[in-house]
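A.B. asks: structural data only, the sequence is not supplied:
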């Protein structure tokens, strides 16, 4: 809970007692959705991996963790995708960093139908990642990394933003291309925290990799019998 940065994401999990209605969500008894949340944090240089399986989604599970946070600590980064189920309780404050890879993926899916437009976005994001690779190779400090991205990546991103705004003005509003432009423009500030905040991440790849463990277990075991069994399974995964 004292970490300066949290990566979060959900994947599905099957709990037999919930599927058959023997155990229900007291707030929404008609809802049978169950999740495995992955939370990855770092405390004093040590990575921490926590998994939570049950009725709560990533936002609710992160809320439970943040409620144990010391009040005098700086506002933490929250790296996630743009789904609403990642949102924490409104009483808690985080610096949300939306995953740039999720924004990139929308144009990967459109590349066959809109090659020119998709290529421009993919090339721009690729150059940003080349800049990030430079920072890692030369082990730049968080402050120097921010300065490097502001010098090299910010002009690229600002040019892409202007281009998207121009494209959106002439594109049919309901096309997949227009929706992808709006996804970026609506979340521009949260997608580009790495240009404005020291230590802000580019993506959620860290927790995506962590959730592969939960997915492998899901494919092997098919389901948990009860919510308590799912909780025990998550604790074992965390260890």
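C.D. replies: In hand now; what should we look at? Owing to the predicted nature of the structure, the values given are computational and were not obtained by experimental measurement.
A.B. asks: which neighbouring elements make contact with the host helix or strand of residue 37?
C.D. replies: If you go by DSSP states H and E, residue 37 is part of strand 35-43. Packed against strand 35-43 by the contact rule (3 or more C-beta pairs under 8 Å, 6 or more residues apart in numbering; DSSP states H and E) you find strand 5-12, strand 46-54, helix 58-66, helix 205-221. No exception for glycine: its C-beta is placed from N, CA and C like everyone else's.
A.B. asks: what's the spacing between that strand and its chain's center?
C.D. replies: 11 Å (C-alpha atoms, centre = their mean, to the nearest Å).
A.B. asks: again with stretch 217-237
C.D. replies: On C-alpha atoms, centre = their mean, the centre of stretch 217-237 falls 23 Å from that of its chain.
A.B. asks: tell me, what residue is most central in the chain?
C.D. replies: residue 80 (1.9 Å; C-alpha atoms, centre = their mean).
A.B. asks: please report phi then psi for the residue lying closest to that one once chain neighbours are set aside.
C.D. replies: Counting by C-beta to C-beta, 6 or more residues apart in numbering, residue 80 lies nearest to residue 86, which is 4.0 Å off, once chain neighbours are set aside. Torsion angles at residue 86 (phi, psi; degrees, to the nearest 10) stand at phi -90, psi -10.
A.B. asks: what about residue 147, how many neighbours?
C.D. replies: Residue 147 has 14 neighbours, counted by other C-beta atoms under 10 Å.
A.B. asks: go on, residue 85?
C.D. replies: 16.
A.B. asks: residues contacting the closest residue to it other than its chain neighbours?
C.D. replies: Excluding its sequence neighbours, the residue lying closest to residue 85 (C-beta to C-beta, 6+ apart) is residue 57, at 4.0 Å. For residue 57, the contacting residues are 10, 33, 35, 37, 85, 86, by C-beta atoms under 8 Å, 6 or more residues apart in numbering.
A.B. asks: okay, residue 57 and residue 20: tell me how far apart.
C.D. replies: Going from residue 57 to residue 20 by C-beta to C-beta, to the nearest Å gives 21 Å.
A.B. asks: again, but for residue 233
C.D. replies: 18 Å.
A.B. asks: which one's more surrounded, these two?
C.D. replies: Counted by other C-beta under 10 Å, residue 233 and residue 20 do not tie: residue 233 has more neighbours, with 20 against 9.
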